[in-house]
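Undergrad: Any chance you can model this:
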Amino acid sequence: MDNKRALLLITLLSIISVSAMGTSHLGTYVIAQSQNQTEPQQQQGRLYADLTGNGLPLLNVNTDASGRATFKLLGDGKTMSYTINGTNLENISGVVLGSSTGGRFTDLVLIHYAPTQGLIAKGNGSATGNFTSTDFTGPLQGKQMSDFLKMLIDGNIYLNVQTTDHPLGEIGGKITPTLQ
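TA: Numbers count the residues shown, from 1 in each chain. Purely as a prediction, here's the structure:
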């Protein structure tokens, strides 16, 4: 692990520890950029992903759809909030945070899942919500938010918006941490 990643991990873990003691100060912890950005987005305490048709490994979709996702670790250190804005999307069947290694995409958090929550016919607009470690699936099931944050630091977290026309994903983006 390089020095920047080690420093970022120590900072994140100390924030979680401070939050667990009931202190509301978050400090500067992590900022992210998608792989499509040329300059990091400099905003304290938020994670970003720009969502495009070629924002995921092996996903090369010709689409007019696009979007942006913003994530923030809340003061308790155990809850992540999100806002996902999308345009030119129809029939959204799933919104998933996952990891990709070796060309495979593994679900970690199901933000929207059509079989239980219904198909979203029009995807212009935004979705907001929160998730905690109780929402983790796959290899993170039963683990803590700090495990998810470590995967973020290692550059292994992607957001994938799946539609009926593109069940593997119409738009997506990688979340990559950077230091201020």
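Undergrad: alpha carbons only for contacts and neighbour counts from here, please
TA: Fine.
Undergrad: Now D165: closest residue in space that isn't a chain neighbour?
TA: Of all residues beyond its chain neighbours, the one nearest D165 is N91 (7.9 Å), with distances taken as Cα to Cα, 6 or more residues apart in numbering.
Undergrad: which SSE is the one you found in?
TA: In the assignment (DSSP states H and E), N91 maps to strand 90-101.
Undergrad: Same check on N85?
TA: Counting by DSSP H and E, the element that carries N85 is strand 79-87.
Undergrad: How far off centre is that strand?
TA: Between the mean C-alpha point of strand 79-87 and the mean C-alpha point of its chain there is a distance of 8 Å (Cα atoms, centre = their mean, to the nearest Å).
Undergrad: Go ahead and name everything in contact with that strand.
TA: When contacts are defined by Cα atoms under 8 Å, 6 or more residues apart in numbering, strand 79-87 is touched by residues 65-74, 123-133, 145.
Undergrad: these two touch, right, the residue nearest to D165 and N124?
TA: No: with contact defined as Cα atoms under 8 Å, N91 does not count as touching N124 (10.7 Å).
Undergrad: which element follows the strand holding N91 toward the C-terminus?
TA: Read in the C-terminal direction, the helix or strand following strand 90-101 is strand 104-113, with elements assigned using DSSP H and E.
Undergrad: relative to strand 79-87, how tilted is that following strand?
TA: The directions of strand 104-113 and strand 79-87 differ by 90 degrees, with axes from the mean of the first three to the mean of the last three Cα atoms, to 10 degrees as the criterion.
Undergrad: by contact count, what packs against strand 104-113?
TA: If you count contacts as 3 or more Cα pairs under 8 Å, 6 or more residues apart in numbering; DSSP states H and E, strand 104-113 packs onto strand 90-101.
Undergrad: which residues of this structure fall in helices?
TA: Assigned by DSSP state H, the helices in the chain fall at 3-20, 114-117, 145-153.
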